[in-house]
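*Asks:* Let's see this in three dimensions:
(one chain, ligands or ions: 1)
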Amino acid sequence: MSAFGKNGEVTLLPKEFSKLSKEQLKTIGPLFNKTKIELEQAINNKREAIRAKSYKKLDLEKLDLEPAEIKNRQGHLHPITQFENQTAEIFKGLGFQQFDAPHIDSDYYNFESLNIPKDHPARDLWDTLYIEDRASAHIDAKEKNYHPGELLLRTHTSNSQVRIMEKYKPPIRMMIIDRCFRYENLDARHEHTFDQFELVYIDKTLSMANLQYLSEYFLKAIFGKDMKARLRPKYYPFTEPSAGIDGLCIFCKGKGCKVCGGMGWLELAGAGMIHPQVLKNGGIDPNIYSGIAWGVGPGRMSMIKFGIEDVRLFNSGDLKFLERF
Ligand code: PHE
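*Replies:* Now for the predicted structure:
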């Protein structure tokens with residue numbers, strides 16, 4: 001039974017007052033009123049106290065309406081792009097400009113202009129993807145030296161060499177960093193699509209000494225001051241003499257290890273003095289000018305620089321791999 005409310009004890013009590021005498025009512029009446037007010041007051045106080053306490057609790061119970069932090073995964077340039085940008089900067093500093101040549105090109109620029117005629121055994125050095133359907137190739141049929149049915153995916157950036165000579169007069173300092181394609185058996189060191197960095201440098205007194213100097217300058221800029229470069233005799237139909245550029249093995253510093261097969265050196269590029277016939281094909285007089293050219297694999301260089309064991313990782317789109325850089 002409650003004290004207040006419609007049927008509360010205190011509410012109903014005055015009904016009994018009719019039974020009292022006037023004298024009794026004089027004392028009981030005011031006493032009743034006073035007690036009632038006191039009780040109401042006490043109940044109110046208690047109610048307020050409880051309310052205040054629960055508000056305090058509510059105050060502490062903070063509801064976080066801030067938007068949850070969305071983790072921003074920051075993208076970055078692909079490791080090979082990073083390497084290529086660094087390379088481009090190094091050679092820009094030496095006055096080289098970037099040049100573009102087509103991915104889909106004619107047999108002439110990829111092979112014939114480079115002293116590699118049809119059926120020449122040297123063609124075996126480049127496993128080539130030929131294109132049969134002329135309609136699918138975006139090349140101007142009126143272009144000089146274009147012969148229908150002789151389109152291919154360029155196997156190297158050397159397809160730029162004679163194009164550069166046709167477009168510019170010496171002295172020439174050009175570089176090409178771009179994709180190439182080969183019909184390869186894929187393994188940890190071979191991809192069908194890969195990049196090359198080609199240098200074409202034509203001037204009046206260039207010699208193998210300049211090639212040696214530039215090679216070492218480049219390798220030191222990429223791998224550090226302790227790096228050394230050496231030139232080894234090699235064969236390319238479009239350079240004479242030709243050389244393989246080796247870099248001191250960065251893993252054993254020349255002592256010989258598993259990575260370099262005990263040699264102490266790693267092959268990093270193909271290079272040489274541009275063949276007089278190739279200069280002639282580009283309209284440049286080989287009696288006045290000589291040229292240096294090299295082709296480097298940014299993929300191979302990056303594998304060595306970053307210690308990557310399989311070239312196929314680069315184009316795999318595997319985020320776990322890419323996030324390492
Ligand atoms: N184009 C050659 C290759 O792909 C490399 C090279 C470039 C060699 C320039 C000599 C001069 O193997």
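
*Asks:* Stretch 246-256 close to the ligand?
*Replies:* No: if you take C-beta under 6 Å from any ligand atom as the test, stretch 246-256 misses the ligand, and the best it gets is 13.8 Å. Yep, even glycine has a C-beta here, placed from its N, CA and C like the rest.

*Asks:* Could I get the phi/psi values of whichever residue of the chain sits closest to the ligand?
*Replies:* Of all residues in the chain, G295 sits closest to the ligand, at 2.9 Å by C-beta to the nearest ligand atom. Main-chain torsions, G295, degrees, to the nearest 10: phi -130, psi 120.

*Asks:* In this structure it contacts G272, no?
*Replies:* No: between G295 and G272 there is no contact under C-beta atoms under 8 Å: 9.9 Å.

*Asks:* which of these two has more neighbours?
*Replies:* Per other C-beta atoms under 10 Å, whichever of G295 and G272 has more neighbours is G272, with 25 against 21.

*Asks:* which residues does the residue nearest to D246 when sequence neighbours are not counted contact?
*Replies:* Nearest non-adjacent residue to D246, counting by C-beta to C-beta, 6 or more residues apart in numbering: W265, 3.9 Å away. Neighbour list for W265: R230, D246, G247, L248, C249, G254 [criterion: C-beta atoms under 8 Å, 6 or more residues apart in numbering].

*Asks:* The residues you listed, buried ones only, as a ChimeraX selection?
*Replies:* Remark: buried members of the contacts of W265, expressed as a ChimeraX selection using 16 or more other C-beta atoms under 10 Å:
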select :246,247,248,249
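
*Asks:* Could you work out the most separated pair of the contacts of W265?
*Replies:* The most widely separated members of those, counting by C-beta to C-beta, are R230 and C249 (11.5 Å).

*Asks:* thinking again about what came up before, quick one: which of the contacts of W265 is nearest S207?
*Replies:* S207 lies nearest to R230 out of the contacts of W265, by C-beta to C-beta, at 16.4 Å.

*Asks:* what's the helix or strand for the residue lying closest to the closest one once chain neighbours are set aside?
*Replies:* Spatial nearest neighbour of R230, chain neighbours left out: D246 (5.0 Å); criterion: C-beta to C-beta, 6+ apart. Using DSSP states H and E, D246 sits within strand 239-248.

*Asks:* shouldn't T157 be in contact with A101?
*Replies:* Yes: contact criterion C-beta under 8 Å: T157 and A101 qualify, at 6.8 Å.

*Asks:* what do the two both touch?
*Replies:* Counting by C-beta under 8 Å, 6+ apart, the residues touching both T157 and A101 are I176, D178.

*Asks:* Counting neighbours, go ahead and name the busier of these two.
*Replies:* Between T157 and A101, T157 has the larger neighbour count (other C-beta under 10 Å), namely 24 against 19.

*Asks:* distance of that one from I164?
*Replies:* To I164, T157 is 11 Å away according to C-beta to C-beta, to the nearest Å.

*Asks:* so what sits against both of those two?
*Replies:* By C-beta under 8 Å, 6+ apart, no residue touches both T157 and I164.

*Asks:* those strands in the chain, which residues are they?
*Replies:* 97-98, 104-106, 130-131, 151-153, 172-181, 193-203, 229-236, 239-248, 265-274, 290-296 (DSSP state E).

*Asks:* helices and strands around the fourth one, which ones?
*Replies:* Okay, so that is strand 151-153. Here strand 151-153 touches strand 104-106, helix 107-110, strand 130-131, going by 3 or more C-beta pairs under 8 Å, 6 or more residues apart in numbering; DSSP states H and E.

*Asks:* what about 6 Å?
*Replies:* Using 3 or more C-beta pairs under 6 Å, 6 or more residues apart in numbering; DSSP states H and E, the elements in contact with strand 151-153 are strand 130-131.
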